[in-house]
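[1] 3D model of this:
(chains A and B)
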Amino acid sequence: MLRIENLRKTFSGNERERITAVSDVSFKVEAGQLFTLLGPSGCGKTTTLRCIAGLEHPDSGKITIDGADVFDDTTGVLVPAYRRAIGMVFQSYAIWPHMTVRENVEFPLTVVARRHRLAAKGRTRLVNEALELMGMGAYAQRPSTALSGGQQQRLALARAIVGKPKLLLLDEPLSNLDAKLRERMRFEIKRLQTELGVTAIYVTHDQGEALALSDEIAIMRDGVIVQQGNPNDIYNQPGSDFVADFIGSANLVFGTCQVAGRVGELIEVELEGGVRASGSATCDLAEGDPVVLVVRPESVKTTPLAEGERAPEGQLIGTVRARIFLGESVDLLVETLGRELRIRVPADSAPYRPNSSVALDISSRRGLVLRDDRTLSLSNKVEDELGLATA
Amino acid sequence: MTITMARRRSLLVNALKANGFALVLLLLIAVLVIPPVVILIISSFASGRTLQEGHATWENFRGILTDKYTYLSLKDTAIFAVGSSAVAVLLATTLAWLVERTNTPGRKAVYGLLIVSFAVPTFIQGMGWLMFLGPGSGLLNTMWHGVFGGDSEFPIYTMGSMVFIQAMTLLPVMFLLIAPAMRAADPGLEEAAAMSGASLAKTIFKVTLPLIRPALLAALFLSFIISAESFEVPALVGSPAHISVLSTEIYSRINSGFTDYGSASAFSIMMMIFTVLGLINYQRATARSQRYGTIRGKAYRPTRLDLGNWRFPAAVFAVAVPVLVVVPLAMIAWASLLKAYQVPSLDGFKHITTSTYSAVLHDPNVTDGLWHSMVLAVGSAVCVMLITVIAAWLLVRRRSGLTRAVDFLVTLPLVIPAIVLGLAVLRTYLTVNVGIYGTQYIVLLALVVHYLPYGMRYGQAGVVALHPELEEAAQVAGASQSTVLRRILMPLMWPTVLAGGAFVFLATIRQLSLVVFLSGPGYQVATPVMFNRWQYGSICEAGAFAVIIVAMACAALAIFSKLTSGLAIGNPNAQEMAIGK
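    Residues are numbered from 1 along each chain as shown, chains lettered A, B, ... in the order given. Below is the predicted model:
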């Protein structure tokens, strides 16, 4: 349905140097799928989407929508945005304030090429359909400025689908909504997409949204796709510490590989503090390779220690620095090995007082072992963002 | 293959179209703006009455730089500009604080009076002040004599009263600049200061004023520029007092018996240096105020400070100041109802007549002048907004070297004082004969050049306020460039265009110094005609004429604010409201 090949897009920055937004991106989206471009801000995901829409002109590469080339630098094809017949939802919703709700939705039908244009009656039917589908039928005559955030979002969706496009582009559509509404609209979008069977490209920086909605996820960083796969694979088999870090609030612990092993095998790792742990390898590793052990907050077994008590053999000892009540669970920030680990325990477990000692068993359940390519210095920024997002 | 060739060619055509448009605009603006500047510079280095017969010389500059009167008028320009802007900003700030941040009653009255007086040409305000304060026949002096006897007089023809009158004419603009900043400053910040134990005075001086400092600085520099290049008050008050500033110096070098273009041009160059200095500071200040401006954003209902019993004296002050601004108008209205001027008195009411009005309205010079002013005002508003809205859109959405050049040329006239521009345009089209000298087109051209930067500010604010996604959403929905322009851009930009157009219209009607050299027997414009009447002592006729102009301006103001549902003028939130966010 959609095919992107070697897409590249640069912008002129300040002092005559060019900024590369998308350096080499290729992917394919099957018809009816919801495909998500996920990544931190500045990773090139929105630029990629805008190239598909025709709002940015790529430097090179090829974009094919439904079998027709819309951009190809080798042949010079460049179909302008208004001839691509796609629907798009913008981050700001871009609701035209000088039109009513109905006029906003009807607009795409009134501007298509004359020979495809419907008579007034047909247009009204399509507009009503789209409004009903989004539960906005009652608001048709309202001025579009008199809508709440959620209603604006529905209106933007109705406008994007009214022309029955084959491809729907969504640019961070939920980022302007409050948390509760965001949750609800997530399901609405999924429902709409499956009901219409439309192919959708979804851009977001929110890993939760991506995991919940997508058939396929491509994680982008610095203008390239670093990993692509279905949500399950992405979550459970992150290919790099960057992905592991980005996709969940995982703890990353550094160490060295003890015994060589192949992909999928259980590997023994010596961590910074001399403690040993094991996890399944995500790539072939040799003895002595620097590695990162990915420890998810929910997969650490925690036991409180009395004062002066020592941790059992093979376990880490840490100090509880903070305790965050989340409802069904409690997150602990535990200082160990000179850094803080986030650990999730059930809400009804023993009360962990701040500054008390705990024993941490990180090898009881399988972690993931990645090669340490020291990208972490770069991904610290991401970690901070996530820390904010989850805290 | 042929299809892709055709597509490639259409790509090229599109690129040419986009840039070609900017290129045409650039050429148009260059043709308007560059010749007067070039001719002015050449003229300042040329001897002789016309540029054709003259030769290059330093004589003009040597002449004025060795003249001790030059330094005197430089000094007086500085005193006048600094003094009047300081007084105006001080008054405007106090007034804005009382009206916006405290519960002083009379808020609507203050706004109403100041907006009305904004529509009154500076020159007319000055005339009114002279009738109010002037020697011999001035109202204040007469009252003083009536009460205390003797013949001591209020000294009107002094630097002090020049500064005061100029400050009063500046007050409405300064208030309308400062009040929004006062309103926008988050009261939460003041409350936070109060919670930390700061007294009211401490809060005002440590929090409120520093918060709006950028806006205050911007107002200060702007009023400095306006005063430094103003002509009206110096001509009315300064000339009889033999106080000359740069603008009146230029005027007298052209309009005295011996026309000396060379030294007038050299003076003009000096005056431009003055304005450039003010402008650099102004732009620094506004850049800073924009940075401060981004602090706000939360919707809130401003809480006003309770002044307690001080409310009533505060209200007296708050209303008295704008009333003072309107007093001169009353004096002019009084004069317009008389045949020969006399001080207002009960006895004077017996002589009230409308015959001055009918005399004025039967004078073809006056009626022509009024009609021409109207036509020029509409013409300049349309031309300026047409050029600047397109230029602003190109600059904001299609930033390139070309559009930056457009921006530079559009902003350039800001450094040319009105009276200098008038002179430069006159000199240019005397030298280069393209057949517009002595016609309405030369006046229109000067007006358009002068108001380009102002139109640009409106246009840019308008485009910036429009989220680019509003246009992109239409493109993706299937609308071509021309459809986006027609159905999205134009309707959304309309309030901006109206507001900018209203500003240019009103400013054109007020304009005297720019058109004073360009209006003449061939093509009369209202304000210079009125200026001549006053100079030749026909006070009542000048008064009647002034009342008609003010009425026209007020009517226009009313129509414009009706059209824009009261949003456009004096309401800085107009754009935000128009976008609905």
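[2] mind checking the SS state of residue A:322?
    strand (DSSP: H, G, I helix; E, B strand; the rest coil).
[3] hmm, residue A:332 and it touching each other?
    Yes: the pair residue A:322 / residue A:332 is scored as a contact, 7.3 Å apart, by C-beta atoms under 8 Å. In this view, the C-beta of every residue, glycine as well, is placed from N, C-alpha and C.
[4] looking at the two, which is more packed in?
    residue A:332 (24 against 14; other C-beta atoms under 10 Å in any protein chain shown).
[5] a strand runs through that one, doesn't it?
    Yes: applying three-state DSSP, one finds residue A:332 inside a strand.
[6] counting neighbours, what do you get for the residue lying closest to it once chain neighbours are set aside?
    Spatial nearest neighbour of residue A:332, excluding adjacent residues (C-beta to C-beta, 6 or more residues apart in numbering or on different chains): residue A:343 at 4.8 Å. For residue A:343, the count of nearby residues is 26 (other C-beta under 10 Å).
[7] which SS class is residue A:343?
    Residue A:343 - assigned by three-state DSSP - is strand.
[8] next helix or strand past the strand or helix carrying residue B:183?
    Assigned by DSSP states H and E, residue B:183 falls within helix B:159-184. Using DSSP H and E, the helix or strand that follows helix B:159-184 in sequence is helix B:187-195.
[9] where does the stretch 351-500 of chain B dip in pLDDT?
    Applying pLDDT under 70 to the predicted model, the stretch 351-500 of chain B contains no residue that meets it.
[10] for it, what lies in contact range of chain A?
    B:467, B:469-470, B:472-480, B:483, B:487-488, B:491-492 (C-beta under 8 Å from any C-beta of the partner chain).
[11] could you pull out the strands for the stretch 1-150 of chain A?
    A:2-12, A:18-29, A:34-38, A:60-65, A:68-72, A:77-78, A:87-89 (DSSP state E, counting those that start in this stretch).
[12] to clarify, my last question referred to the stretch 151-300 of chain A.
    Under DSSP E, counting those that start in this stretch, the stretch 151-300 of chain A gives strands at A:167-171, A:199-204, A:216-221, A:224-229, A:251-257, A:266-271, A:276-281, A:290-295.
[13] to residue B:342, which of those lies closest?
    With C-beta to C-beta as the measure, strand A:167-171 is the member of the strands of the stretch 151-300 of chain A nearest residue B:342 (73.8 Å).
[14] I figured residue B:453 hits residue B:416, correct?
    No: using C-beta under 8 Å, residue B:453 is not in contact with residue B:416, being 9.8 Å away.
[15] neighbour count for those two, which is higher?
    Taking other C-beta under 10 Å, residue B:453 and residue B:416 do not tie; residue B:416 has more neighbours (27 against 17).
[16] can you name the element that comes right after the helix or strand containing residue B:265?
    Element membership for residue B:265, per DSSP H and E: helix B:261-293. Counting by DSSP H and E, the element after helix B:261-293 in chain order, helix or strand, is helix B:311-336.
[17] and that following helix with helix B:159-184, angle?
    Going by axes from the mean of the first three to the mean of the last three C-alpha atoms, to 10 degrees, helix B:311-336 is angled at 130 degrees with respect to helix B:159-184.
[18] outside of the helix or strand following helix B:311-336, which residues touch it?
    Sequence-wise, the next helix or strand downstream of helix B:311-336 (DSSP H and E) is helix B:355-361. Applying C-beta atoms under 8 Å, 6 or more residues apart in numbering or on different chains, the contact partners of helix B:355-361 are B:336-339, B:366-367, B:540-541, B:543-545, B:548.
[19] just stretch B:242-260 next, same as before
    B:49, B:69-70, B:72-74, B:76-77, B:80, B:159, B:162, B:228-231, B:234-235, B:237-239, B:261, B:263-264, B:267-268, B:270-271, B:274, B:417, B:419-420, B:423, B:513, B:516-517.
[20] just the mean pLDDT for it, thanks.
    Here stretch B:242-260 scores 84 as its mean pLDDT.
[21] what's the first-to-last distance across it?
    20 Å (C-alpha to C-alpha, to the nearest Å).
[22] mind listing what's buried in it?
    Under the neighbour-count criterion of 16 or more other C-beta atoms under 10 Å in any protein chain shown, stretch B:242-260 has B:243-251, B:253-254, B:260 buried.
[23] Throw these into TSV and include secondary structure, thanks.
    What follows is those, written out as TSV (three-state DSSP):
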residue	secondary structure
B:243	coil
B:244	coil
B:245	coil
B:246	helix
B:247	helix
B:248	helix
B:249	helix
B:250	helix
B:251	helix
B:253	helix
B:254	helix
B:260	coil
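[24] element containing residue B:40, please.
    Judged by DSSP H and E, residue B:40 forms part of helix B:2-44.
[25] next structured bit after that helix?
    helix B:59-65.
[26] so where's chain B uncertain?
    Ranges of chain B meeting pLDDT under 70: B:1-18, B:135-137, B:144, B:146, B:148-154, B:185-186, B:257, B:286, B:288-303, B:564-581.
[27] returning to that earlier point: mind listing what's buried in the helix holding residue B:183?
    Quick answer for helix B:159-184 (16+ other C-beta under 10 Å): B:161-184.
[28] okay, now residue 324: neighbour count?
    If you meant another chain, say so; for now it's chain A. 13.
[29] ah, I was thinking of chain B
    Residue B:324, neighbours per other C-beta under 10 Å, totals 16.
[30] one more: residue B:434?
    Should you count by other C-beta under 10 Å, residue B:434 turns out to have 10 residues around it.
[31] against chain A, how distant is it?
    Between residue B:434 and chain A the distance, using C-beta to the nearest C-beta, to the nearest Å, works out to 40 Å.
[32] relative orientation of the longest helix belonging to chain A and strand A:167-171 in degrees?
    Counting by DSSP state H, the longest helix found in chain A is helix A:179-196. Angle, helix A:179-196 to strand A:167-171, by the same axes, to 10 degrees: 170 degrees.
[33] buried stuff in helix A:179-196?
    A:181-182, A:185-186, A:188-190, A:192-193, A:196.
[34] dump those to CSV, plus pLDDT and distance to residue B:283.
    What follows is the buried residues of helix A:179-196, written out as CSV (pLDDT from 0 to 100; distance: C-beta to C-beta, whole Å):
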residue, pLDDT, distance to residue B:283
A:181, 85, 42
A:182, 85, 42
A:185, 87, 44
A:186, 87, 47
A:188, 87, 48
A:189, 90, 46
A:190, 90, 51
A:192, 90, 49
A:193, 91, 50
A:196, 91, 52
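[35] circling back to that earlier point, list just the nearest of the buried residues of stretch B:242-260 to residue B:428.
    residue B:254 (14.4 Å).
[36] and the one helix or strand residue B:426 maps to, what's buried?
    Using DSSP H and E, residue B:426 sits within helix B:418-431. Within helix B:418-431, the residues that qualify as buried are B:418-430, counting by 16+ other C-beta under 10 Å.
[37] which residues in the stretch 1-150 of chain A form helices?
    A:45-53, A:101-111, A:120-133, A:149-161 (DSSP state H, counting those that start in this stretch).
[38] who wins for proximity to chain B among those helices?
    Closest approach to chain B among the helices of the stretch 1-150 of chain A (C-beta to the nearest C-beta): helix A:101-111, 3.7 Å.
[39] is any residue of that closest one near chain B?
    Yes: Helix A:101-111 lies within reach of chain B by C-beta under 8 Å from any C-beta, at A:107-108, A:111.
[40] list the buried residues in that helix.
    A:101-111.
[41] need these in a markdown table (columns: pLDDT).
    Below are the buried residues of helix A:101-111 laid out as a markdown table (pLDDT from 0 to 100):
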| residue | pLDDT |
| --- | --- |
| A:101 | 94 |
| A:102 | 94 |
| A:103 | 93 |
| A:104 | 94 |
| A:105 | 94 |
| A:106 | 93 |
| A:107 | 94 |
| A:108 | 93 |
| A:109 | 92 |
| A:110 | 91 |
| A:111 | 88 |
